[in-house]
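Colleague: Got a sequence here, can you build the structure:
(chains A and B)
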Amino acid sequence: MNGNREARVADVYEEILGRTDDAERPAILGADRCTYGELRRKVDLLAARLRAAGAGPGRRIGIALDPSVGYLVALLGIRAAGATAVLFGTAWTPFEQRRCFQHARPSWILSAGTPAVGAVDPDPVDCVAAGAQLHRYAANDDAPASEPDDAVIIYTSGTTGAPKGVVLPAASVSANVRAVAEYLELGPEDSTAAFTPTCYAYAVSQFLTHALAAAAIRPIPTYLRYPMAVLQACHEDRLTGLAANPTSFRIFTRLERPAHWDLNAVRTVMSGGQFLDARLVASLCEVFPSTRVVNMYGATENAPRISYHWLEDRGGDDPARFYPVGTAVRGTRIEIRAESGAVLPPGETGEVVVTGNSLMRGFWQDPEATAKRVRDGWLHTGDLGRFDEAGRLHLTGRSSNVINVGNEKVSPEDVERKMLEVAGVAEAGVYGVPDPLTGESVRAKIVLEEGAEIGGDVVQIHLRRALSSYKIPREIEVVDALPRTLYGKLDRRKLKED
Amino acid sequence: MEEILREITGFVRRERPDAEGEIEAIPVHELFDSIAMIDFLTYLERTFGIRISDADVLPENFSSLAAVARLVARKRSAG
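Modeller: Okay, here's the model as predicted:
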């Protein structure tokens, strides 16, 4: 728990590129199969191309690549050239791409096709080593320089408001990657499937933790469009680890897979991004009979992992049982604070604040937003949580989602979890609508399990037994599906609008 | 077979009016995200009266609209 006093940790980029004892080990599995020796040659080639093009310290280079060997080569090669990477989502709309481009102002973008931003470069440089072309944007050369130690800038989601680019120095990335590789006990025998959007901090973490451990990665360039392809990869390559959020895991557990597929090699299932419940864990343990499950919590601003919790059981029938996100990763410290700033004791709910050696430098070109989020060296996550008596962190919701009903605060996540306890409710989304009397009032939409025939009134009756009246949705609408983001998270903005 | 392809191509053109060029040759995963993909599967099942199993939803069956049309034809004759 001595995050601030931790000495500077050795750079993971340097270690991955300087190592030689793993030259014959597989780095990438699948169609792009290559060894660590070959990977380093590709990185050298890309770095040479970048240097020849004039890229170096202070300059930013966009990466717009699907999960692939090229993505890892780009992350490592841009660092080897001394420049700073900016992650672009390949599934972003042209509007989202332009917004990130205009804010980050990269001098180049590495992309498989022509980027939908800026003036088209008539003569992009082929970078075969990264499976990409290097597109030049000389008009951005007068943009402010990045700090030489800045490894990557990651734009956090949010379709409204100003874009926020989280600047992560190599030291923060290194500290976090080492801490994660350590608690996951990753080694050269390990392997995993990569299908998380490559513009997320988790993708950087996943690729680099596995590379640091000389473990193998099977990129799934089609993301989750073919969920079965992920299970097929687990079977074919005898993958040992699988990471996703509960929505994606729920999809995997519902697939009818060929009976001869063997998923016994999976020994670690890593869940993050949403609440993890006992029922889902039980189904996961059926699909992956030999696995342990670890629940994880992170934020892009902490590069990204904050805490983790190895489950001590294999799930169960109780839909109301949710798992804690556990204890801080090495080098990071967590406190629960009241709105007054006072540190709260175990059992009391407040905002989760974090400090340590993997914090961001700040938001790119936005000192005001940075000062709001990081105060006295503590990152204010906006997440609500509490510690239990055993010192494990439990998350309860996001403060920005809170619905204000006549000055009473309602956490939609709390109400959603109660709604999921009702037999027949498969998914629930709770939101606030303007109310002339109370400021806001609570509404909800639910998706029923197949064959279930209950109405919103049944759910309301159940909720009355468990919750104060102001928390109970006035109306509960049964719908076919809830709006979700590309990665399966509930899209709370759309939920309200639709 | 050509009739199936024509119907599917019409659907995709309605859903993705912005897609350019020879739409029949573009892999489906470049046309749709994972949510739109589910709508596409539902459309195929309803329009052609077939059932597409989870094991069919693999990249090789969706590498182009022509590949999808072949999958539909196969399912129809098996159905």
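Colleague: where in the stretch 1-150 of chain A is pLDDT low?
Modeller: Under the criterion pLDDT under 70, the flagged ranges of the stretch 1-150 of chain A are A:1-8.
Colleague: If we use 90, what do you get?
Modeller: Residue ranges of the stretch 1-150 of chain A with pLDDT under 90: A:1-10, A:91-96, A:99, A:116, A:118.
Colleague: does the closest residue to chain B within it belong to a helix or a strand, and which?
Modeller: Using CB to the nearest CB, the closest approach of the stretch 1-150 of chain A to chain B is made by residue A:91 at 5.7 Å. In this view, the C-beta of every residue, glycine as well, is placed from N, C-alpha and C. Here residue A:91 sits in a region with no helix or strand, counting by DSSP states H and E.
Colleague: got the residues of chain A near chain B?
Modeller: Residues of chain A found near chain B (CB under 8 Å from any CB of the partner chain) are A:91, A:222-229, A:232, A:255-258, A:484, A:486, A:488.
Colleague: all strands of the stretch 51-200 of chain A, in order?
Modeller: According to DSSP state E, counting those that start in this stretch, the stretch 51-200 of chain A carries its strands in the segments A:60-64, A:84-87, A:108-111, A:125-127, A:132-136, A:150-155, A:165-169, A:191-194.
Colleague: Relative to the shortest one, what are the paired strands and their orientations?
Modeller: So that's strand A:125-127. Strands that pair with strand A:125-127, judged by DSSP bridges, come out as strand A:132-136 (antiparallel).
Colleague: what's the partner strand in contact with?
Modeller: Contact with strand A:132-136 is made by A:49-50, A:53, A:61, A:65, A:70, A:74, A:107-112, A:114-115, A:118, A:121, A:124-127, as judged by CB atoms under 8 Å, 6 or more residues apart in numbering or on different chains.
Colleague: Give me the buried stretch members for it, please.
Modeller: By neighbour count on 16 or more other CB atoms under 10 Å in any protein chain shown, the buried set for strand A:132-136 is A:132, A:133, A:134, A:135, A:136.
Colleague: low-confidence ranges in chain B?
Modeller: In the prediction, chain B carries residues with pLDDT under 90 at positions B:1, B:14-26, B:29-39, B:42, B:54-55, B:77-79.
Colleague: middle-most residue in it, spatially?
Modeller: residue B:68 (4.5 Å; CA atoms, centre = their mean).
Colleague: Can I get the helix or strand where it lies in PDB, CA atoms only?
Modeller: In this structure, residue B:68 sits in helix B:65-78 according to DSSP H and E. Extracted in PDB, the C-alpha atoms of helix B:65-78 (Å, rounded to 0.1, in the frame of the first residue of the first chain):
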ATOM      1  CA  LEU B  65     -22.300 -11.400 -49.200                       C
ATOM      2  CA  ALA B  66     -21.800 -14.100 -51.800                       C
ATOM      3  CA  ALA B  67     -20.500 -16.400 -48.900                       C
ATOM      4  CA  VAL B  68     -23.600 -15.500 -46.900                       C
ATOM      5  CA  ALA B  69     -25.900 -16.300 -49.800                       C
ATOM      6  CA  ARG B  70     -24.200 -19.700 -50.100                       C
ATOM      7  CA  LEU B  71     -24.800 -20.300 -46.300                       C
ATOM      8  CA  VAL B  72     -28.500 -19.400 -46.800                       C
ATOM      9  CA  ALA B  73     -28.800 -21.700 -49.800                       C
ATOM     10  CA  ARG B  74     -27.200 -24.500 -47.800                       C
ATOM     11  CA  LYS B  75     -29.500 -24.000 -44.800                       C
ATOM     12  CA  ARG B  76     -32.500 -23.900 -47.100                       C
ATOM     13  CA  SER B  77     -31.800 -27.100 -48.800                       C
ATOM     14  CA  ALA B  78     -31.000 -28.800 -45.500                       C
END
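Colleague: so how far is it off the chain centroid?
Modeller: 9 Å (CA atoms, centre = their mean, to the nearest Å).
Colleague: what's that helix packed up against?
Modeller: When contacts are defined as 3 or more CB pairs under 8 Å, 6 or more residues apart in numbering or on different chains; DSSP states H and E, helix B:65-78 sits against helix B:2-15, helix B:34-48.
Colleague: the strands in the stretch 251-400 of chain A, which residues?
Modeller: Along the stretch 251-400 of chain A, counting by DSSP E, counting those that start in this stretch, strands occupy A:268-272, A:292-298, A:305-310, A:327-328, A:332-337, A:350-356, A:362-363, A:374-375, A:378-387, A:393-398.
Colleague: Same list (these) but as CSV, adding mean pLDDT and distance to residue A:205.
Modeller: Rendered in CSV, the data for the strands of the stretch 251-400 of chain A read as follows (pLDDT from 0 to 100; distance: least, CB to CB, whole Å):
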stretch, mean pLDDT, distance to residue A:205
strand A:268-272, 97, 10
strand A:292-298, 97, 8
strand A:305-310, 98, 7
strand A:327-328, 98, 16
strand A:332-337, 98, 13
strand A:350-356, 97, 15
strand A:362-363, 98, 19
strand A:374-375, 97, 20
strand A:378-387, 95, 17
strand A:393-398, 90, 19
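Colleague: count of neighbours near the nearest residue to residue A:152 once chain neighbours are set aside?
Modeller: Sequence neighbours aside, residue A:85 is the residue nearest to residue A:152 in space, at 4.5 Å (criterion: CB to CB, 6 or more residues apart in numbering or on different chains). Residues lying near residue A:85 (other CB atoms under 10 Å in any protein chain shown) number 25.
Colleague: what about residue A:85, distance to residue A:146?
Modeller: Here residue A:85 is placed at a distance of 10 Å from residue A:146 (CB to CB, to the nearest Å).
Colleague: Give me the common contacts of those two.
Modeller: Common neighbours of residue A:85 and residue A:146, counting by CB under 8 Å, 6+ apart, are A:60, A:153.
Colleague: residues contacting the residue of chain A positioned farthest from its centre?
Modeller: Of all residues in chain A, residue A:437 has its C-alpha farthest from the mean position, at 38.4 Å, by CA atoms, centre = their mean. Listed by CB under 8 Å, 6+ apart, the contact partners of residue A:437 are residue A:406.
Colleague: Phi first, then psi, for it.
Modeller: Geometry field for residue A:437 lists phi and psi as phi -90, psi -50, criterion degrees, to the nearest 10.
Colleague: Same question for the one 5 residues further on.
Modeller: The phi and psi torsions at residue A:442 (degrees, to the nearest 10) take the values phi -90, psi 130.
Colleague: how far does stretch A:162-179 sit from the chain's center?
Modeller: In terms of CA atoms, centre = their mean, the gap separating the centre of stretch A:162-179 from the centre of its chain is 13 Å.
Colleague: unless I'm mixing things up, the residue nearest to the centre of chain B is touching residue B:58, no?
Modeller: No - Residue B:68 lies out of contact with residue B:58 (CB atoms under 8 Å); the separation is 12.0 Å.
Colleague: Who are the contact partners of residue A:349?
Modeller: The contact partners of residue A:349, taken as CB under 8 Å, 6+ apart, are A:336, A:384, A:385, A:386, A:396.
Colleague: pretty sure the third one contacts residue A:344?
Modeller: By that I understand residue A:385. No - because the distance of 9.9 Å does not satisfy CB under 8 Å, residue A:385 is recorded as not touching residue A:344.
Colleague: residues shared between the contacts of these two?
Modeller: Between them, residue A:385 and residue A:344 share the contacting residues A:336, A:350, judged by CB under 8 Å, 6+ apart.
Colleague: Settle it for me: which of the two has more neighbours?
Modeller: With other CB under 10 Å as the criterion, residue A:385 and residue A:344 differ in neighbour count, and residue A:385 comes out ahead with 21 against 17.
Colleague: Now do the contacts for that one.
Modeller: By CB under 8 Å, 6+ apart, residue A:385 lies in contact with A:325, A:336, A:349, A:350, A:351, A:352, A:393, A:394, A:395, A:396.
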